[in-house]
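Asker: Sequence first, predicted coordinates after that:
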Amino acid sequence: MTSTRTARAGERFTRCVDGGGLLRGARRFVVLLLAPAAVGCGASRPPANPSSAGDVRAQSDMTAPPSTSRGVVSSADPTVTDPDNYRKVMENEKTRVLRYHDVPGTRTHQHRHPDSVLYAISAFRRRLEFPDGTSKERTFRAGDVMWIPAQSHAGENIGDTDTEVLLIEFKEE
């Protein structure tokens with residue numbers, strides 16, 4: 001089954017449902033937002049300009065400072081630095097999908113993500129600490145979708161709810 005709807009910030013995305021168990025018994029889906037090409041069940045085209053999609057405030061809240069977003073500050077893979085929190089859901093030559101879960105007070109080790117799309121499964125509050133000593137805080141609502149440029153950071157759940165997200169990482173060429 002394929003359904004298309006308009007998300008909170010006005011972006012369009014397609015949801016592919018196959019009844020799988022990706023979301024703890026919920027239906028499996030693939031967010032086709034900002035993907036390099038239409039994939040899977042729908043021929044949905046991503047926006048021509050990724051920076052124009054979604055909530056611009058949300059995008060800038062999780063963007064690393066310029067000094068940490070360019071060059072390799074940390075090459076550590078989050079599935080290696082924090083294997084209890086990150087689980088690989090799917091991987092191919094172009095993308096890797098990670099599921100992340102933590103509880104209030106959890107801190108991750110310094111790690112790096114390539115350009116990614118984040119889908120918040122749950123509502124949560126998070127602080128990201130960057131290698132240059134700066135930090136940013138953000139409150140997410142369940143269903144938030146945002147573009148995150150490549151960056152190194154350590155994260156902390158500073159809220160009172162579990163964090164549950166899917167991260168769609170685009171492999172660097």
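Answerer: All right, it came through fine.

Asker: Tell me which residues touch residue 133, please.
Answerer: Contacts for residue 133 (Cβ atoms under 8 Å, 6 or more residues apart in numbering) come out as none. Just so you know, the C-beta spots here come from the backbone N, C-alpha and C atoms, and that holds for glycine as well.

Asker: Helices of this structure, residue ranges please.
Answerer: 56-61, 66-69, 78-81 (DSSP state H).

Asker: Low-confidence regions, this structure specifically.
Answerer: Within the chain, the stretches with pLDDT under 70 are 1-74.

Asker: do that again at 50, thanks
Answerer: For the chain, residues meeting the criterion pLDDT under 50 lie at 1-60, 67-73.

Asker: Against residue 75, how distant is residue 130?
Answerer: Remark: distance between residue 130 and residue 75 (Cβ to Cβ, to the nearest Å) = 15 Å.

Asker: Tell me which of the two has more neighbours.
Answerer: residue 130 (21 against 8; other Cβ atoms under 10 Å).

Asker: Give the burial count for the closest residue to residue 93 other than its chain neighbours, as a bare number.
Answerer: With sequence-adjacent residues excluded and distances taken as Cβ to Cβ, 6 or more residues apart in numbering, residue 93 is closest to residue 171, at 7.1 Å. Neighbour count for residue 171, taken as other Cβ under 10 Å: 12.

Asker: Enumerate every residue touching residue 171.
Answerer: Neighbours of residue 171 in contact, by Cβ under 8 Å, 6+ apart: 93-96, 114.
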